[in-house]
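1. After the sequence you'll find the predicted model.
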2 protein chains.
Amino acid sequence: MGFSGKGAVAKSPARKPRGEGHTRREEILAAAKALFLEEGVKATTIRRIAERVGVSAPALYLYFKDKDEILLALCDRIFAILLQRLEEIERLPLPACERLRRMGEAYIRFGLEHPDEYRIIFLESPTPEAVRYTGHRTDTSDLERPGAKGAMAFTKITQAYEAIAKEGIVLPYPPALCAELSWMACHGLVAALIAEPDFPWSDRETLIRGMVEASVRGVVPALGQATSA
Amino acid sequence: MGFSGKGAVAKSPARKPRGEGHTRREEILAAAKALFLEEGVKATTIRRIAERVGVSAPALYLYFKDKDEILLALCDRIFAILLQRLEEIERLPLPACERLRRMGEAYIRFGLEHPDEYRIIFLESPTPEAVRYTGHRTDTSDLERPGAKGAMAFTKITQAYEAIAKEGIVLPYPPALCAELSWMACHGLVAALIAEPDFPWSDRETLIRGMVEASVRGVVPALGQATSA
DNA sequence: TTCGTATGTTATCGTAGTTAAGTTAACGTC
DNA sequence: GACGTTAACTTAACTACGATAACATACGAA
């Protein structure tokens, strides 16, 4: 073995050059995401992630404070997709209550598409400390607070209700409370289907449409029937 | 120290007489429940339970297949309370939709009273095997399947909707689907408040009443306003 | 050249759930 | 009243986990 150590292994360079720590950070997140998808959240352990990256387990602690932070960073990226979808709907020229329906449906479908991430953000215990802080962070784009993007998604629904109120439709409660009720209802559907996937539920599509409708009509009694065909 | 071993410790007899294993089983459940209430689910470990019972940790495996089975046995007993409450409401001479409201409210309040158990039954991952079997079981009263009592609670709501249909009120969906929607909505409220207790939600009582109302009115459009004063 | 620091590693700790193997005590029976 | 059986336990150990401390090394800057 003449040379330094660049032997046969091609999986990842043995050691990162000086300023390239964030590259390793990305590798860790990618490995964690792959493990997450392939083997589930249970199998996504510090050691297994490190093994897949090709690095020792404590090395992960250079880039993340603890295991939770890795998972939360993953979830935050996934939830950015949800935010994006909701913002798209926000921009559509639609009657407010129809916009609300579409948001509800998008929310539910997103949750069912990403059950593990949804579980971590909305079903798991809250992390003890409110504010987290990453030591070696180079970018401040993601992960201000755990579940921050989840909360922002919720905010979008509140704004939709405020728009409804501005349209002159009378709400029985303040917009925030309306939003909470609507969101909780949709959240309940997602949570139930995720937590109990083998239960003999009714047809999933019917449930989604029914809940979207109910979450609007249950909160806004002024709406007699559906608006769209 | 003349005698065999009945020294100073009064916490529990050192060893059970021949056929009295189930007594120890009860002690384990009692200790687990106490730990559960005092220190939370996180602190309820095999070793701590065993310590409290006054027995070695592996001794618990004489009575339970694994840790999950202990927690599920606990939860099952708690959920028996919910079933009891729902059955009481079932027996009340009330219009069906009013009975539905009361059930919803009872369900929500129960969930908020027992957040840890609720979490285990309805929010945690489903256990891989569908049917569990306890080795040394002497009674077959509880724990047929994990979460069985939770499912039974759900059945009660379905029956309430069937009663509504029998009263001549037209439902937009089959009773089972109506029940699923109603239950999921209430479930969403409980799940959200349990998982995110520090979020600045609106007033809890208002949320409960609003959700009970919405879960009925959202599903049964024939109901214009609340029935009760 | 030397020093500081980013980038790691190895060794280790403490805790968890769980199992294997051995021990003790109660009981029926001859 | 010794004997075998077995329920009721214990001790020791295994594997796996998250996390930390202490040590190593490469590399850019002064």
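-> Good, I have the coordinates.
2. check which helix or strand covers residue A:182.
-> Using DSSP states H and E, residue A:182 falls within helix A:175-195.
3. after that helix, next one along is what?
-> Next element after helix A:175-195 (DSSP H and E): helix A:204-217.
4. Show me where chain A has its helices.
-> Using DSSP state H, the helices of chain A run over A:21-39, A:46-53, A:67-91, A:96-113, A:115-118, A:148-166, A:175-195, A:204-217.
5. Can you tell me which of those helices is most buried?
-> helix A:175-195 (a mean of 25; mean count of other CB atoms under 10 Å in any protein chain shown). C-beta here means a position set from N, CA and C on the backbone, and glycine is covered the same way.
6. Show me what that helix packs onto, helices and strands only.
-> helix A:96-113, helix A:115-118, helix A:148-166, helix A:204-217, helix B:175-195, helix B:204-217 (3 or more CB pairs under 8 Å, 6 or more residues apart in numbering or on different chains; DSSP states H and E).
7. can you put those in TSV and add mean pLDDT and distance to DNA strand D?
-> TSV is the format used below for those (pLDDT from 0 to 100; distance: least, CB to the nearest atom of the strand, whole Å):
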stretch	mean pLDDT	distance to DNA strand D
helix A:96-113	96	24
helix A:115-118	92	15
helix A:148-166	89	20
helix A:204-217	97	32
helix B:175-195	96	20
helix B:204-217	97	32
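8. what would those look like in CSV with distance to residue A:172?
-> Formatted as CSV, those follow (distance: least, CB to CB, whole Å):
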stretch, distance to residue A:172
helix A:96-113, 14
helix A:115-118, 29
helix A:148-166, 11
helix A:204-217, 12
helix B:175-195, 16
helix B:204-217, 8
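9. centroid residue for chain A?
-> Centroid check for chain A by CA atoms, centre = their mean gives residue A:79 as the closest residue, at 3.1 Å.
10. In contact with that one, which residues?
-> Residue A:79 is in contact with A:117, A:121, A:149, A:150, A:153, counting by CB atoms under 8 Å, 6 or more residues apart in numbering or on different chains.
11. Kindly provide the distance from it to DNA strand C.
-> For residue A:79, the distance to DNA strand C (CB to the nearest atom of the strand, to the nearest Å) stands at 27 Å.
12. what residues are up against the residue nearest to residue A:47 when sequence neighbours are not counted?
-> The shortest distance from residue A:47 to any non-neighbouring residue, by CB to CB, 6 or more residues apart in numbering or on different chains, is to residue A:57 (4.9 Å). For residue A:57, the contacting residues are A:46, A:47, A:50, by CB under 8 Å, 6+ apart.
13. quick one: contacts for the residue nearest to residue A:166 when sequence neighbours are not counted?
-> Computed as CB to CB, 6+ apart, the closest residue to residue A:166 that is not its neighbour in sequence is residue A:96, at 7.6 Å. Neighbouring residues of residue A:96 by CB under 8 Å, 6+ apart: A:160, A:163, A:164, A:166, A:167, A:169.
14. quick one: which of those is nearest DNA strand C?
-> Distance to DNA strand C, by CB to the nearest atom of the strand, is smallest for residue A:160 among these, at 42.6 Å.
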